[in-house]
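Enquirer: Attaching a predicted model along with its sequence, questions to come.
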Amino acid sequence: SSRERLREVAREDLRAQADQYRETADLYKNGLKSLSDLYKSETEWRSSEIRLVSAEADYKGSLQPFNEMIARPPWEGHILPDDLTPGATDLPRIEEDAALIVQRRAEIARAQRDADKAVESERRSLLGLFPNLALNATWNRQEAGTSAAPNPNSQLGLTLSLPFGFNAVTQGYNYAAARAEKRRARAAADAALRAAREELYAAWVGLERASLTYVLAARQEEIAARGLELVETQYRQGATDALRMAQARSDFLSARVQRATALQNIFVTRAAYRRAAGVPLW
């Protein structure tokens, strides 16, 4: 996508440089421009052709790894949408995304579940340290009307049971291991959550920088375009030379390249933020 945008910028620059050369040649024929101005205009024209050749090669080179991932021929072109909506430079609410990160990111939720399981395992291990004591009471009474006389019978029993293979050292070791596993699982869950929040914040900062850069680059392009229009008018009137004209057009080209790059950075950093927030990209 970035190579495609830069290629389009190079194409537009080439058209402008070709028009500029034809205009200079016409002014030269009418005695309004010098031969050096004509040579300078043609030099800028040829330089623009070289830039387009390089931009075309970069674009074609970028097709190969892209098409390889989607099992397409490396030379097959693609139409990529330019979907920068008016709200694309608006920053997301990082507080809301941070609060939902545990539910959205599977690895964080899994670490939390492992920590909960470790807590339950420690609890069971603690209960295994002690024998089971049970108090049972029974009372039996034979109803009247039978051949035998009523014979109430009551029993009270106290049962003490130990786990199979009970050993104080073994049970203590198991409990210590369960406690250590609980601490490890909890530390892993906390570390995973901290890392996810740090990743989310870093992505948010990157998106903020890209958004601000795009706004400034768009303004810079607007100013460079106005400056170029002014110099073009002066150039036609003979008030300035080809060097000043070339500098103004170079400034405009640089501003357009910077804006195209900033636009692409918004798409990339927004995708990185969505990934850090656990929001599906598609």
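Expert: In hand now; what should we look at?
Enquirer: any idea how far stretch 12-25 is from the chain center?
Expert: Centroid separation between stretch 12-25 and its chain, computed with C-alpha atoms, centre = their mean, to the nearest Å, is 41 Å.
Enquirer: model confidence over that stretch, on average?
Expert: If you average the pLDDT over stretch 12-25, you get 92.
Enquirer: Now tell me what touches it from outside.
Expert: Contact partners of stretch 12-25, identified using C-beta atoms under 8 Å, 6 or more residues apart in numbering, comprise 33, 37-38, 41-42, 44-45, 47-49, 51-52, 236, 242, 245, 249, 253, 256. Where you see a C-beta, it was placed from the backbone N, CA and C, and this is true even at glycine.
Enquirer: and if we set it to 7 Å?
Expert: 33, 37-38, 41-42, 44-45, 48-49, 51-52, 242, 249, 253 (C-beta atoms under 7 Å, 6 or more residues apart in numbering).
Enquirer: Pull the most distant pair out of those.
Expert: Pairwise distances across those peak at 25.0 Å for Lys33 and Leu52 (criterion: C-beta to C-beta).
Enquirer: Looking at these two, which is more packed in?
Expert: Neighbours of Lys33 and Leu52, each counted by other C-beta atoms under 10 Å, are more numerous for Lys33; the result is 22 against 19.
Enquirer: burial count for the residue lying closest to the more buried one once chain neighbours are set aside?
Expert: Distances taken as C-beta to C-beta, 6 or more residues apart in numbering place Leu27 nearest to Lys33, at 4.2 Å, with adjacent residues excluded. Leu27 is flanked by 18 other residues according to other C-beta under 10 Å.
Enquirer: Is Leu27 within a helix or a strand, and which one?
Expert: helix 2-29 (DSSP states H and E).
Enquirer: Check Ala71 too.
Expert: Under DSSP H and E, no helix or strand contains Ala71.
Enquirer: quick one, what contacts it?
Expert: Per C-beta under 7 Å, 6+ apart, neighbours of Ala71: none.
Enquirer: For the nearest residue to Ser54 once chain neighbours are set aside, the count of nearby residues, please.
Expert: Nearest in space to Ser54, with sequence neighbours left out and distances taken as C-beta to C-beta, 6+ apart, is Ala10 at 7.8 Å. Residues lying near Ala10 (other C-beta under 10 Å) number 24.
Enquirer: same thing with Glu12?
Expert: 14.
Enquirer: Please report how far it lies from Leu63.
Expert: 21 Å (C-beta to C-beta, to the nearest Å).
Enquirer: where exactly do the strands run in the stretch 151-282 of the chain?
Expert: With DSSP state E, counting those that start in this stretch as the criterion, the stretch 151-282 of the chain has strands at 153-161.
Enquirer: residue ranges with poor pLDDT in it?
Expert: Residue ranges of the stretch 151-282 of the chain with pLDDT under 70: 151-172.
Enquirer: Longest helix in the protein, by number of residues?
Expert: helix 168-236 (DSSP state H).
Enquirer: Residues contacting the one helix or strand Val102 maps to, please?
Expert: Taking DSSP H and E as the criterion, Val102 maps to helix 101-104. Identification of contacts with helix 101-104 by C-beta under 7 Å, 6+ apart yields Ile108, Ala109, Gln112, Leu193, Ala196, Arg197, Leu200, Ala277, Gly278, Val279.
Enquirer: which pair in those spans the largest distance?
Expert: Longest distance between any two of those is 19.0 Å, between Gln112 and Val279; criterion C-beta to C-beta.
Enquirer: Mind checking which of the two has more residues around it?
Expert: Gln112 (19 against 14).
Enquirer: Helix or strand: which one has that one?
Expert: Counting by DSSP H and E, Gln112 is part of helix 106-127.
Enquirer: Buried residues in that helix, which are they?
Expert: For helix 106-127, the neighbour count (16 or more other C-beta atoms under 10 Å) marks Ile108, Ala109, Ala111, Gln112, Asp114, Ala115, Ala118, Ser121, Glu122, Ser125 as buried.
Enquirer: Could you dump those into CSV and include distance to Tyr173?
Expert: Listed next are these as CSV, based on distance: C-beta to C-beta, whole Å:
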residue, distance to Tyr173
Ile108, 32
Ala109, 31
Ala111, 26
Gln112, 27
Asp114, 22
Ala115, 22
Ala118, 16
Ser121, 14
Glu122, 13
Ser125, 10
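Enquirer: returning to what we had before: show me what the helix holding Gln112 is packed up against.
Expert: Judged by 3 or more C-beta pairs under 7 Å, 6 or more residues apart in numbering; DSSP states H and E, the packing partners of helix 106-127 are helix 101-104, helix 168-236.
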